[in-house]
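Student: model the structure of this input:
(2 chains)
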Protein chains: 2
Amino acid sequence: MKRQFIREILDVITADTISFAGGLPDADLFPLDAFKTAADRVLSEPASLQYSRSQGYAPLREKIAERYCAAGFETRAEEILITTGSQQAINLIALSMLPYGVTVELPAYLGALSAFRLAKVKTEGVALEHDGIAMTPLRRSIARTGAAYLIPDFQNPTGLRYSAAKRQAVAKAVLDADALLIEDAPYSELYFDHASLPISATMPERSFHLGSFSKILAPGLRVGWVRASEANLRRLLVVKEAIDLHTSTLDQRLIDAFWETEGLDRHLSSLRIHYRAKKNALSNALRTQLPDFVFDEPRGGMFLYGRLPGFDTKTLVNRCLERGVAFVPGSEFYPGTPALDELRLNFTHTDPAQMHRGVGLMADAYREQIVSKITGVARATA
Amino acid sequence: MKRQFIREILDVITADTISFAGGLPDADLFPLDAFKTAADRVLSEPASLQYSRSQGYAPLREKIAERYCAAGFETRAEEILITTGSQQAINLIALSMLPYGVTVELPAYLGALSAFRLAKVKTEGVALEHDGIAMTPLRRSIARTGAAYLIPDFQNPTGLRYSAAKRQAVAKAVLDADALLIEDAPYSELYFDHASLPISATMPERSFHLGSFSKILAPGLRVGWVRASEANLRRLLVVKEAIDLHTSTLDQRLIDAFWETEGLDRHLSSLRIHYRAKKNALSNALRTQLPDFVFDEPRGGMFLYGRLPGFDTKTLVNRCLERGVAFVPGSEFYPGTPALDELRLNFTHTDPAQMHRGVGLMADAYREQIVSKITGVARATA
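Tutor: Presented below is the predicted three-dimensional model:
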């Protein structure tokens, strides 16, 4: 297995690099003091450091189930499995539920591709359009694979949200094909305008809805969850036991204690406001300093994705890293034939002043490369 | 995949059950106050809640490497990979290093069997003798599998420690066969008399030495590690990235902060003294109340293993659970033909008074069953 290029980029990034590369939340928004209070409370109980049940901490599962119910998706705590990050949830599903393969979006989430590869699950890619996945190829593909892995809210890498019409069409297609839906939803709560009901709500028995505290609270804790039918959950549970017994008891209880005393909503509101402002800052920096870059305005999430038409963005990476700015070229998100002129920028990690500088450095590298290309062509034809 | 019976037993255990079943450390010995101090310190840094590198937190890897060096096993931080518990380490190795299979001890550690099964790694069992694994069948088996998975210190389930002579013989056999050694060492620090040098130290390039903070500090944190050559470590690293990106940043930093301020040795000394006293209490309760039970006195670790000669211990489980006492029948630890009259008792979780009561309840159930068997036979032959 090859190492992920994105992990390699992350490994060479220093404290001085302006990084649009990873999917890092803004560390300034971590509720450190509330976590200290939670730790003090939770660490008064020895059970917080002890082994615990594979399905996860019951009070936390109950809170997650209630939140689904409040959003209009009927759910019981028995239908929640706590996972060691969403990444593990994808693994558990890959290892137990996908005998014929899985249909993925193109461009695709890298972590999911790795998980499917590791479990030797065949993937078929279907292109994303501006309002979500392309329906005709989706229907054809899931007839073969029997499953679709989708990120309908603020997809990674594209930042795209599926339209209401496309959500309905996807639901119908999956039901018609008697297929499974794996709906990965780590960014769903990070909307800038309005929430959307999970597509899974229309097919609770044949869907896996994946949530995570990584993007909304603290990624370092590695706590996520799957919402699935009890029968499907049991299949994931036996695999989870073989993989890591259970998710960190302490991390689960810390999140539960935070949720118990602080609630999630105030913190989420604050994240939405901050991330929206950051998205606007990046968007403005791009429009003014790198006008060749073509992109859709994200409505939430953590990523802004676009194209430098006709330009191979992979050749830009090292030149940018030398200047102290990092991003991920779009080619990384395609398992097959890549779209070479695309690139992904994260807008949650850097602050607006850095963004401005970072985009400036990218623009310099871009111009320099275009000039050297023209000069090269001129030389070659001289 | 079947659920582990042991996890099912753990799920039905209530707060009132006297449990010899799990491998739970004594929660009364968790250093809660020191962890509170560590949490207060660690949670002052936003990086403690952020994503982090897949190989693990560098200061913690350095401390682990230094501890190996101090024990006479030269190791650098680059040769340490932090894992989400030892269970994950076994998984990573199973998924990347064992194309021909692996030789395991009989009786075997259940978690390892699950990991090998999940990765479709063929296992061959070789019986344990009183001083360690049987050498002739080990040699034959690793010639086929190319790898041995062993727990030389206070093995789970048998509590057995390999003799010095057997350690040398195993090292020679693995080297002669050009095989790999996977040395799982979660209990090595829990000796009642003296430490032993890892067998891996004689073959640093072809061994994986697995350590864990679960038994020596806090299992709920799910932090373990592998010590391997850099080349082998890289192969595990790519799999780890696909499995859970990295181990909980917070949990790693908490352990590092605890280690930094408290050290490990004082805590370990205290564990050794307490666990030795508990082992003695269980041993005495068994000798006095259940004299039919035949066992070797453990020299460390967490388990006491033995036989009720000629008696099927699996039939005793439910009768004991009804009475409020739990253990694991030996048959669970055999993937093939089980030794029916064996059983495993954990001695770290319960206190001496409970132990006395628990063994009494087991003895009652045992006697009752023998009587009903005799009565049954008498009736059948009447």
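Student: CA atoms for contacts and neighbours, from now on please.
Tutor: Fine.
Student: ok, the nearest residue to A:G310 once chain neighbours are set aside - contacts?
Tutor: Among residues not flanking A:G310 along the chain, A:D341 sits closest, at 5.8 Å (Cα to Cα, 6 or more residues apart in numbering or on different chains). Residues in contact with A:D341 (Cα atoms under 8 Å, 6 or more residues apart in numbering or on different chains) are A:R307, A:L308, A:P309, A:G310, A:F311, A:D312, A:T313, A:P329, A:G330, A:S331.
Student: now do A:A339
Tutor: A:G330, A:S331.
Student: how about a cut-off of 10 Å?
Tutor: A:A339 is in contact with A:L106, A:P107, A:R307, A:G310, A:D312, A:T313, A:P329, A:G330, A:S331, A:E332, A:F333, counting by Cα atoms under 10 Å, 6 or more residues apart in numbering or on different chains.
Student: drop anything exposed from the residues you listed.
Tutor: A:L106, A:P107, A:R307, A:D312, A:T313, A:P329, A:G330, A:S331, A:E332, A:F333 (16 or more other Cα atoms under 10 Å in any protein chain shown).
Student: confirm that A:Y305 sits in a strand.
Tutor: Yes. With DSSP: H, G, I helix; E, B strand; the rest coil as the criterion, A:Y305 is part of a strand.
Student: that one and chain B: what is the separation?
Tutor: A:Y305 is 22 Å from chain B, where distance means Cα to the nearest Cα, to the nearest Å.
Student: from what I can see that residue touches A:L282, true?
Tutor: No. A:Y305 lies out of contact with A:L282 (Cα atoms under 10 Å); the separation is 11.3 Å.
Student: circling back: so which of the buried ones among the contacts of A:A339 are in helices?
Tutor: In helices, judged by DSSP state H, none of the buried ones among the contacts of A:A339 are found.
Student: TSV for the residues you listed, including distance to A:D16 and pLDDT?
Tutor: Below are the buried ones among the contacts of A:A339 laid out as TSV (distance: Cα to Cα, whole Å; pLDDT from 0 to 100):
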residue	distance to A:D16	pLDDT
A:L106	32	97
A:P107	29	97
A:R307	26	97
A:D312	26	93
A:T313	22	93
A:P329	20	94
A:G330	24	94
A:S331	26	92
A:E332	24	91
A:F333	26	94
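Student: now, which of those residues sits nearest B:V238?
Tutor: The closest of the buried ones among the contacts of A:A339 to B:V238 turns out to be A:E332 (Cα to Cα; 16.0 Å).
Student: just curious, which of the contacts of A:D341 is nearest to A:I80?
Tutor: Nearest to A:I80 among those, with distances taken as Cα to Cα, is A:G330, at 33.8 Å.
Student: ok, the closest one touching A:P157?
Tutor: Yes. Using Cα under 10 Å, A:G330 is in contact with A:P157, at 8.2 Å.
Student: identify the contacts common to the two.
Tutor: Common contact partners of A:G330 and A:P157 (Cα under 10 Å, 6+ apart): A:P107, A:A108, A:Y305, A:G306, A:L343, A:R344, A:L345.
Student: can you give me the domain assignment for chain A?
Tutor: Chain A breaks down by automatic domain parsing into domains covering A:5-23+A:266-381, A:32-262.
Student: which stretch in these has the least confidence?
Tutor: Sorting those by mean pLDDT places domain A:5-23+A:266-381 lowest, at a mean of 91.
Student: from the chain's centre, how far out does that domain sit?
Tutor: 17 Å (Cα atoms, centre = their mean, to the nearest Å).
Student: contact partners for A:L221?
Tutor: By Cα under 10 Å, 6+ apart, A:L221 lies in contact with A:84-85, A:213-214, A:247-248, A:250-252, A:254-255, B:48-51, B:246-251.
Student: wait, A:D351
Tutor: Contact partners of A:D351, counting by Cα under 10 Å, 6+ apart, are A:I18, A:D26, A:D28, A:A277, A:K278, A:A281, A:L282.
Student: now, the residues you listed that are in helices?
Tutor: Secondary structure defined by DSSP H assigns A:A277, A:K278, A:A281, A:L282 of those to helices.
Student: now the nearest residue to the last one once chain neighbours are set aside: which helix or strand?
Tutor: This means A:L282. Once flanking residues are discounted, A:L282 sits nearest to A:M355: 6.0 Å by Cα to Cα, 6+ apart. Per DSSP states H and E: A:M355 is located in helix A:352-381.
Student: can you pull the residues of the stretch 251-382 of chain A lying near chain B?
Tutor: The stretch 251-382 of chain A has residues A:D251, A:Q252 near chain B, with proximity defined as Cα under 10 Å from any Cα of the partner chain.
Student: name the helix or strand for the residue of the stretch 251-382 of chain A found nearest chain B, please.
Tutor: For the stretch 251-382 of chain A, the residue positioned closest to chain B under Cα to the nearest Cα is A:D251, at a distance of 7.7 Å. A:D251 is part of helix A:249-262 when elements are defined by DSSP H and E.
Student: which residues sit in contact with A:Y305?
Tutor: A:Y305 makes contact with A:155-160, A:293-298, A:328-330, A:342-346, according to Cα under 10 Å, 6+ apart.
Student: should've said A:T17
Tutor: A:T17 sits next to A:C320, A:L321, A:E322, A:R323, A:G324, A:V325, A:A326, A:T350, A:Q354, A:G358 when contact means Cα under 10 Å, 6+ apart.
Student: a markdown table for the shared contacts of A:G330 and A:P157, including distance to B:I13?
Tutor: Output for those, formatted as a markdown table (distance: Cα to Cα, whole Å):
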| residue | distance to B:I13 |
| --- | --- |
| A:P107 | 47 |
| A:A108 | 44 |
| A:Y305 | 51 |
| A:G306 | 55 |
| A:L343 | 53 |
| A:R344 | 50 |
| A:L345 | 50 |
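Student: near chain B, which residues of the stretch 51-200 of chain A show up?
Tutor: Neighbours of chain B within the stretch 51-200 of chain A, by Cα under 10 Å from any Cα: A:51-54, A:83-92, A:95-96, A:110-119.
Student: recalculate using a threshold of 7 Å.
Tutor: Within the stretch 51-200 of chain A, the positions adjacent to chain B are A:Y51, A:S52, A:T84, A:G85, A:Q87, A:Q88, A:N91, A:G111, A:S114, A:A115 by Cα under 7 Å from any Cα of the partner chain.
Student: just to be sure, the second one is in a helix?
Tutor: Same thing as A:S52. No. Secondary structure of A:S52 (three-state DSSP): coil, not part of a helix.
Student: what about it, distance to B:F213?
Tutor: Applying Cα to Cα, to the nearest Å, the value for A:S52 to B:F213 is 15 Å.
Student: what about the nearest residue to A:A218 once chain neighbours are set aside, how many residues nearby?
Tutor: Distances taken as Cα to Cα, 6+ apart put B:L49 closest to A:A218, at 5.2 Å, once the chain neighbours are dropped. B:L49 has 27 neighbouring residues, counting by other Cα atoms under 10 Å in any protein chain shown.
Student: do the same with A:S86
Tutor: The burial count for A:S86: 28, using other Cα under 10 Å.
Student: quick check: nearest residue in space to it, chain neighbours excluded?
Tutor: Once flanking residues are discounted, A:S86 sits nearest to A:G224: 5.0 Å by Cα to Cα, 6+ apart.
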